[in-house]
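Visitor: Make a model of this:
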Amino acid sequence: MKKTKTNYSVPAVDRMLDIIEFLSSNRKSCGITELSKALKINTNSIFRIMKRLVERGYVEVEPASGKYQLSTKFFTIGMSLYTRFELRQCARKHLEWLSTETGETAQIQIPDGDRMLVMDTIVPHVSFFLQVIPGSRVYYHSNAFGKSVLAFMDEEDVRAILPKNLPSLTKNTITDLNVLISQLANVRKTGIAFDAEEYNYGVFCIGAPVFDIEGKSVAGLGMTGLTGRYHSSDSKKMIRAVLETARRVSAETGYDGDYFTKLLSK
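Guide: Here you go, the predicted structure:
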């Protein structure tokens, strides 16, 4: 990601944050030299920063290899922030209902800059299901939940968020922004967005928007499953369950419009 220089830049802090972000995106532990090469930071600076992070308990050193990894202190901080998401709290029981009703994984995502953030997931009580990890950041355009949010944004805002040439993840991914914008019109009409193996092969998703008290689409929720378990005869039931879940969660956030009522009455 390209860094933006401002009048308030603090190089030492920027370097520390670069290190933390790199370690968080790489599951394996890293040594001083590896971090230096990857981040283009001299080894002396890396050493001093890591020494301080270890002293403060944010980083751990593997005794055998001498390499570094983030400590559970970041998890503790993250969980304290996690509980602030009232939307997650009020949505959870409805996602549990959706997962039980459909027998598939239910999830809710919120906008997070140029990606969607997986806020919460509920897995079904079945032998085989798709696991989605909360905290993951995923693309808007190939994601049913991202499309659910984009569909209710002004077109100029959609174009500002998304690149003109959208990343191709599978052969089914929509890579033309104009084509995607045309598809979003149908999402607004039906309340439903699909991911038919657009993000990952073998995976399908059905999503719907969550509206807040002002009628703004603030999240996308729905179900995610393995295509091998999906049958066209189940489609209508699943769509209605997703819409009903979106209606319930939206109502709890203060939305009092009739958008879902009209769709569910058809």
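Visitor: going forward, measure contacts between C-alpha atoms and count neighbours the same way
Guide: Noted.
Visitor: quick one: low-confidence parts of the stretch 51-200 of the chain?
Guide: 79-85, 126-129 (pLDDT under 70).
Visitor: ok, which stretches of it are strands?
Guide: According to DSSP state E, counting those that start in this stretch, the stretch 51-200 of the chain carries its strands in the segments 59-61, 68-70, 105-112, 115-122, 137-138, 193-196.
Visitor: Now do the third one against strand 115-122, angle only.
Guide: Strand 105-112 and strand 115-122 are oriented at 150 degrees to each other (axes from the mean of the first three to the mean of the last three C-alpha atoms, to 10 degrees).
Visitor: who's in contact with residue 29?
Guide: Neighbouring residues of residue 29 by C-alpha atoms under 8 Å, 6 or more residues apart in numbering: 23, 67-69.
Visitor: try it again with 10 Å
Guide: 23, 60-62, 65-70 (C-alpha atoms under 10 Å, 6 or more residues apart in numbering).
Visitor: same question, residue 180
Guide: Listed by C-alpha under 10 Å, 6+ apart, the contact partners of residue 180 are 141-142, 147, 150-151, 166, 173-174.
Visitor: Pull the number of nearby residues for the nearest residue to residue 96 once chain neighbours are set aside.
Guide: Once flanking residues are discounted, residue 96 sits nearest to residue 122: 6.0 Å by C-alpha to C-alpha, 6 or more residues apart in numbering. Residues within reach of residue 122, counting by other C-alpha atoms under 10 Å, total 23.
Visitor: Let's have the strands of the stretch 51-200 of the chain in a markdown table, adding distance to residue 96.
Guide: Listed next are the strands of the stretch 51-200 of the chain as a markdown table, based on distance: least, C-alpha to C-alpha, whole Å:
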| stretch | distance to residue 96 |
| --- | --- |
| strand 59-61 | 35 |
| strand 68-70 | 32 |
| strand 105-112 | 7 |
| strand 115-122 | 6 |
| strand 137-138 | 22 |
| strand 193-196 | 20 |
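Visitor: Return the most buried member of these.
Guide: Among the strands of the stretch 51-200 of the chain, the stretch with the highest mean neighbour count (mean count of other C-alpha atoms under 10 Å) is strand 105-112, at a mean of 25.
Visitor: Packing partners of that strand?
Guide: When contacts are defined as 3 or more C-alpha pairs under 10 Å, 6 or more residues apart in numbering; DSSP states H and E, strand 105-112 packs onto helix 86-102, strand 115-122, strand 137-138, helix 144-150, strand 203-211, strand 217-226.
Visitor: try 7 Å this time
Guide: With contacts defined as 3 or more C-alpha pairs under 7 Å, 6 or more residues apart in numbering; DSSP states H and E, strand 105-112 has these neighbours: helix 86-102, strand 115-122, strand 217-226.
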